[in-house]
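In: could you work out the structure for the sequence below:
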Amino acid sequence: MTPISFDVATSVPSAVAVVGRFVGADLGAFGPAGGLRSELAALRGFEGKVGDSFVRTEGDVVEILVGAGERTSFASTEARRAAATVTRAAGKARAVAIDLRGATSTELPSARLAQAVVEGVVGAAYRFERYRSEKADAVLERVVLVVDDGDVDETAAGAQRGRAVSEAVNMVRDLTNTGPGDLTPTRFADHWVSVADAVGAAIVVLDEDRITDERLGGLLGVARGSNEPPRLVKMTYEPDDATAHLASDGKVPTVVLVGKGITFDSGGLSLKPPDGMIGMKGDMSGAAVVLATVSACRDLNIGVRVIGIAPVTENMPGGRAQKPGDVLTVRNGKTIEVLNTDAEGRLVLADGLVLAAEQEPDAIIDLATLTGACVVALGTRVAGVMGNDSHVLGDLEAAASRAGEAIWRLPLPRDYRKDIDSDIADMKNIGKPRQAGTLVAALLLEEFVDDWPWAHLDIAGPADSDDEHFEIRKGGTGFGVRTLLEFLDAFRPVGEAGARRADHVEAGW
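Out: Coordinates of the predicted model:
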């Protein structure tokens, strides 16, 4: 897919002109050809709602009218979706000019507006064609953002940020859509190395022998059934300028991101039914989001240290596979009785979270396509978020709102902790059948963060889409990248990380 170039101008230079209109606004004439009457657009059903579009051709000039929604509620999400509508409505146009001058009167700053527009255009233009014998020709190649003279610099900066974020999102989409035979644990780890080298980040990869030496029993247990050896990857971004983010003691804050990296999940000996295996190539989405997020930090000048950790393996039913009844010992010495080998994500994340806690960070965030129960509860467009720290949870919610990604806070009821009590080990890896599966899984994860400020994002629903809407295409979505980058960009430590334990959430009844 050819990258789309984005330029900023103060007049409309293109033969394809795009203008947005808010609900209830007078449509009047628009574009270089002009002459469009509101009656004609209304006759075709145009109301100005987000997703509305009207295309008019006069000679060599194509004019596209897109809905921007209600002026009073116009924000990044509406701008992103309107821009995605432009991409879809532009047809075979190779260049479009999007007139943003009508949106500058809203409360959305120019840089934010430009970022959202770029994200919408690039998101909707995404195609995954690795396995197609005939590749589709790239259509949209150039977008000109038309603004007033005083908004040029901010718009250019916002467009550049939108490009960096979009490239990170599309990295996740590409990885999630890749077949599991082509994205084995070894190849996935190799991709981490290539990306780290490209962006100037430090990278460490543990092979099976090192994983054994480091006592990562959860990861080793899940990996036993596969012929593909596991990997543990750690990628570290050090900021060039952290002066605005320094803690009270002058130290650079550290945020650790942990991603579930199951490159294919058969369920192990607790084998999934055939339909349940479809899409399980995407069970590494959490790890892909972590990789892409860390890779974008330098381009976005993130001012905190960011460490990405991913335990990577397949979950297969081979002759050496772990069995229901086996007991695994995680790196911190805690033991887990495995009663369902298809509840494997929490086993590998346990080791990843222990490694994260050893960094003594200001915050830990893990992402995982962890539970079908979260999809039942929240559907396919909303992620569940749980954690032990009110500041981290609140910051994540605010970041998700700015990013236009829907997350919903769920409780961690202490009364449910007994549901994972084991008769023979410290805990078991499942709770009661068909009861609070998402919450119980998070309670198990909490056992491995050693009281450091922590949040868990269950992205099982929105990590993949089986339909298309606005900037979302079928397949991997890259959900979580925008939220994490917003979180990291705004992150400020609240006192010492250890002192923040007093602010932990004490959910329960």
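In: which of the residues in stretch 174-189 are buried?
Out: Asp174, Leu175, Thr176, Asn177, Thr178, Pro180, Leu183, Thr184, Pro185, Thr186, Phe188, Ala189 (16 or more other C-beta atoms under 10 Å). Every C-beta, even on glycine, is put in place using the N, C-alpha and C of the backbone.
In: and if you look at stretch 272-284?
Out: Within stretch 272-284, judged by 16+ other C-beta under 10 Å, the buried ones are Lys272, Gly279, Met280, Lys281, Gly282, Asp283, Met284.
In: assign the closest residue to Val118 other than its chain neighbours to helix, strand or coil.
Out: Once flanking residues are discounted, Val118 sits nearest to Gly162: 3.0 Å by C-beta to C-beta, 6 or more residues apart in numbering. Following DSSP: H, G, I helix; E, B strand; the rest coil, we place Gly162 in the helix state.
In: what is the neighbour count of Gly162?
Out: 26 (other C-beta atoms under 10 Å).
In: restricted to helices, list the buried residues of stretch 174-189.
Out: Those of the buried residues of stretch 174-189 mapping onto helices are Asp174, Leu175, Thr176, Asn177, Pro185, Thr186, Phe188, Ala189, per DSSP state H.
In: what's the closest of the residues you listed to Leu232?
Out: Ala189 (8.4 Å; C-beta to C-beta).
In: and the spatially closest residue to that closest one that is not a sequence neighbour, how far is that from Val306?
Out: Among residues not flanking Ala189 along the chain, Arg231 sits closest, at 3.9 Å (C-beta to C-beta, 6+ apart). In this structure, Arg231 and Val306 are 20 Å apart, going by C-beta to C-beta, to the nearest Å.
In: same check on Leu257?
Out: Taken as C-beta to C-beta, the span from Leu257 to Val306 is 7 Å.
In: so which of the two has more stuff around it?
Out: More crowded of Leu257 and Val306, by other C-beta under 10 Å: Leu257, with 30 against 27.
In: helix, strand or coil: sort out that one for me.
Out: Per three-state DSSP, Leu257 ends up strand.
In: which non-adjacent residue is nearest Val375?
Out: In space, Val375 is closest to Gly461, 4.4 Å off (C-beta to C-beta, 6+ apart).
In: next, that neighbour: secondary structure please.
Out: Gly461 - assigned by three-state DSSP - is coil.
In: show me the contacts for it.
Out: Residues in contact with Gly461 (C-beta atoms under 8 Å, 6 or more residues apart in numbering) are Cys374, Val375, Leu378, Gly379, Thr380, Arg381, Val382, Ala383.
In: and which of these is nearest to Gly123?
Out: Using C-beta to C-beta, the contacts of Gly461 come closest to Gly123 at Arg381, 14.5 Å.
In: pretty sure the closest one contacts Ile407?
Out: No - if you go by C-beta atoms under 8 Å, Arg381 and Ile407 don't touch, sitting 10.5 Å apart.
In: the two: which has the busier surroundings?
Out: Neighbour comparison, Arg381 and Ile407: the larger count goes to Ile407, with 25 against 14 (by other C-beta under 10 Å).
In: lowest-confidence helix or strand of this structure?
Out: helix 38-43 (a mean of 61; mean pLDDT, DSSP states H and E).
In: tell me the helix or strand right after that helix.
Out: Remark: after helix 38-43, the chain's next helix or strand is strand 53-58, criterion DSSP states H and E.
In: buried ones in that following strand?
Out: Per 16+ other C-beta under 10 Å, strand 53-58 contains these buried residues: Ser53, Phe54, Val55, Arg56.
In: walk me through the domains of this structure.
Out: Taking automatic domain parsing as the domain assignment, the ranges for the chain are 5-147, 165-503.
In: quick one: end-to-end length of the first one, please.
Out: One end of domain 5-147 to the other measures 17 Å (C-alpha to C-alpha, to the nearest Å).
In: in the stretch 51-200 of the chain, where is pLDDT below threshold?
Out: 58-61, 104-106, 137-138 (pLDDT under 70).
In: going along the chain, name the helices of it.
Out: Per DSSP state H, counting those that start in this stretch, the stretch 51-200 of the chain carries helices over the ranges 76-89, 110-125, 152-177, 185-199.
In: could you do the stretch 201-350 of the chain as well?
Out: 208-213, 217-223, 274-277, 285-296, 345-357.
In: select, out of those helices, the one closest to Gly387.
Out: Of the helices of the stretch 201-350 of the chain, nearest to Gly387 by C-beta to C-beta is helix 345-357, at 12.0 Å.
In: give me the helices and strands touching the closest one, please.
Out: helix 217-223, strand 231-237, strand 254-259, strand 261-265, strand 305-315, strand 363-368, helix 437-446 (3 or more C-beta pairs under 8 Å, 6 or more residues apart in numbering; DSSP states H and E).
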